[in-house]
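Peer 1: Let me see the structure of the following:
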Amino acid sequence: MNIHFIAVGGAIMHQLALALSRKGNTVTGSDDEINDPARTNLKNAGILPIATGWFPEKITSNIDAVVLGMHAKADNPELLRAQELQIPIYSFPEYVYEISKEKQRIVVAGSHGKTTITSMIMHILKAANKSFDYLVGAKVSGFDQSVQLSDAPIIVLEGDEYPASVIEKKPKIFFYHPHISVLSGIAWDHINVFPTYENYCSQFEQYLKGMNDGATLFYNATDDAVVSLVAKAGKHLNAIPYQLPRFHYESGIAVVDTPDGAVSLSLFGRHNILNMEAAIAVCEALGVSRADGYQAIRSFTGAAKRLEKITETANLVAYRDFAHAPSKLKATLSAVREAYPLHRLIACFELHTYSSLNEVFLSEYQQSMLPADDAIVYYSHHALSLKGLPNLDKEQVAAYFDQQGLLVISEKEVLQQCLEEKLKNNTKPTCLLLMSSGTFDGIDWNDVCSQS
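Peer 2: Sure, this is the predicted structure:
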């Protein structure tokens with residue numbers, strides 16, 4: 001087929017383009033900005049656009065399908081031309097469903113833990129020599145790409161409640177129609193799309209109601225919002241709860257008590273161990289025994305930027321994590337504090353998403369960083385400008401977090417100097433935790449960590 005991508009430079013969009021190209025399709029695309037790793041990946045595959053921008057002349061009657069990215073606007077000239085020629089236009093999830101209709105579809109949904117649970121399922125299935133396709137929102141150890149499409153009978157999909165495209169504004173998860181799903185948790189996010197908590201929750205309610213009768217749902221029984229929602233909207237489903245197993249720490253290593261004996265893990269944190277239970281339950285439904293699931297998960301080290309260890313020395317261990325919503329901050333900080341109870345915990349959080357930079361939402365972060373010995377909140381004026389938001393007052397930001405001694409910094413150089421001084425002058429073992437969906441404006445953390 002001839003398939004054209006509008007906004008091909010997206011993190012997952014370009015991965016789908018690569019996967020379709022590997023299957024022998026002729027793939028073209030456009031975007032007004034393409035950065036690495038997408039640029040290099042597309043170039044290596046021979047499908048990087050010659051120039052950035054929108055070129056309606058690329059849209060001809062020879063194109064079989066257009067895949068429309070979330071980044072494209074309604075007046076995009078390529079989109080208008082495709083509509084004029086009546087070429088089939090799909091959002092990303094619509095096209096994924098179109099090419100996986102004959103597969104058994106597993107969808108991981110929820111406000112947090114989606115990438116980790118999806119990655120864990122992939123890890124276990126690979127260890128069990130199961131044939132499967134996948135779509136995941138991060139680089140996963142042992143897998144060369146984030147999207148794989150083949151003739152496998154199963155596809156594992158990381159779900160997303162964000163709108164599919166400018167012409168299809170329903171959440172992406174609505175389009176996958178899963179046979180098996182996970183609902184990991186519910187915590188308000190994306191206020192630019194879902195202005196109230198009730199509106200946000202209603203998306204998951206509609207998702208559950210839209211699942212076919214008898215479909216299997218594994219749901220987090222420790223999350224009251226999830227339990228309430230399943231009781232309300234999941235009566236037609238084969239709804240199976242999962243919860244935290246018994247575990248303890250031995251010299252900083254999490255050890256889970258299972259019916260087949262103790263299992264030492266490479267990951268840590270209550271939220272990750274809970275995520276593990278969801279993944280093992282899914283894999284059991286796919287024919288992998290729980291005992292084999294636990295053995296496989298021992299070697300799982302996590303997805304990129306999900307409590308990813310970036311350095312470890314005699315006096316310092318540093319992690320970076322994708323945490324950005326209040327619930328994610330709390331879970332990540334609690335996990336690190338529990339695993340390193342005697343370390344000095346320096347936690348640095350970047351306000352980077354539209355929600356986190358919006359003063360309307362900042363009160364949701366109240367006391368979310370309490371486990372940290374040193375708490376730092378960073379934001380850049382450039383990020384505010386890009387999102388069309390007004391400047392923030394540092395004192396007001398600190399007041400929203402409501403934590404004694406918390407620092408608020410808005411200059412990259414000041415942040416780097418502050419952390420280097422804290423590490424240089426520290427006299428006890430330290431854990432540095434960096435939390436952001438961004439890059440802290442490109443700070444070189446190797447340089448910072450070398451100061452300890």
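Peer 1: C-alpha only now, for contacts and for neighbours.
Peer 2: Noted.
Peer 1: Show me what stretch 289-298 is in contact with.
Peer 2: 120, 123-124, 127-128, 260, 263-266, 276, 280-281, 283-284 (Cα atoms under 8 Å, 6 or more residues apart in numbering).
Peer 1: And the residues you listed, which is closest to A399?
Peer 2: Proximity of those to A399 was ranked by Cα to Cα; the top entry is M276 with 35.8 Å.
Peer 1: The closest one sits in which helix or strand?
Peer 2: Assigned by DSSP states H and E, M276 falls within helix 270-285.
Peer 1: so how far is that helix from its chain's centroid?
Peer 2: 16 Å (Cα atoms, centre = their mean, to the nearest Å).
Peer 1: residues of that helix that come out buried?
Peer 2: For helix 270-285, a neighbour-count test (16 or more other Cα atoms under 10 Å) marks 270-284 as buried.
Peer 1: follow-up on the earlier one: from the contacts of stretch 289-298, which two are the most distant?
Peer 2: The farthest-apart pair in the contacts of stretch 289-298, when distances are taken by Cα to Cα, is S266 and E284, at 20.9 Å.
Peer 1: I'd assumed D321 was in contact with I310.
Peer 2: No: the pair I310 and D321 fails to qualify as a contact (Cα atoms under 8 Å) at a distance of 10.2 Å.
Peer 1: neighbour count winner among the two?
Peer 2: In this view I310 and D321 are compared by other Cα atoms under 10 Å, and D321 has more residues nearby, 21 against 16.
Peer 1: which SS state does Q417 fall under?
Peer 2: Using DSSP: H, G, I helix; E, B strand; the rest coil, the three-state assignment for Q417 comes out as helix.
Peer 1: if I look at it, how far off is A138?
Peer 2: Q417 sits 30 Å away from A138, going by Cα to Cα, to the nearest Å.
Peer 1: now do V107
Peer 2: For V107, the distance to A138 equals 16 Å [Cα to Cα].
Peer 1: between the two, who's got more neighbours?
Peer 2: V107 (26 against 20).
Peer 1: Quick check: bridge partners of that one?
Peer 2: Beta-bridge pairing for V107 (DSSP bridges): L157, S181.
Peer 1: Quick check: it touching F174?
Peer 2: No: assessed by Cα under 8 Å, V107 is found out of contact with F174, at 10.4 Å.
Peer 1: and the residue sitting nearest the centre point of the chain, what does it touch?
Peer 2: Nearest to the geometric centre of the chain sits T115, at 4.7 Å (Cα atoms, centre = their mean). Going by Cα under 8 Å, 6+ apart, T115 touches V136, G137, A138, E158, A303.
Peer 1: of those, closest to T439?
Peer 2: Nearest to T439 among the contacts of T115, with distances taken as Cα to Cα, is A138, at 14.8 Å.
Peer 1: Please, where are all the helices along the stretch 251-400 of the chain?
Peer 2: Per DSSP state H, counting those that start in this stretch, the stretch 251-400 of the chain carries helices over the ranges 270-285, 290-297, 326-339, 381-386, 394-401.
Peer 1: Kindly reformat those as TSV containing mean pLDDT and distance to E94.
Peer 2: Listed next are the helices of the stretch 251-400 of the chain as TSV, based on pLDDT from 0 to 100; distance: least, Cα to Cα, whole Å:
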stretch	mean pLDDT	distance to E94
helix 270-285	94	23
helix 290-297	95	31
helix 326-339	88	28
helix 381-386	88	29
helix 394-401	94	39
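Peer 1: In CSV, list those helices along with distance to L407.
Peer 2: As requested, the helices of the stretch 251-400 of the chain are exported to CSV (distance: least, Cα to Cα, whole Å):
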stretch, distance to L407
helix 270-285, 27
helix 290-297, 38
helix 326-339, 16
helix 381-386, 17
helix 394-401, 7
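Peer 1: If you count neighbours, what's buried in stretch 200-219?
Peer 2: Applying a neighbour-count criterion of 16+ other Cα under 10 Å, one finds 200-201, 203-205, 207-209, 211, 215-219 buried in stretch 200-219.
Peer 1: Columns pLDDT and distance to V317 on top of the residues you listed, output as TSV?
Peer 2: As requested, those are exported to TSV (pLDDT from 0 to 100; distance: Cα to Cα, whole Å):
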residue	pLDDT	distance to V317
Y200	89	36
C201	91	37
Q203	93	39
F204	94	37
E205	95	41
Y207	95	40
L208	97	41
K209	96	45
M211	96	43
A215	97	43
T216	98	40
L217	98	37
F218	98	34
Y219	98	33
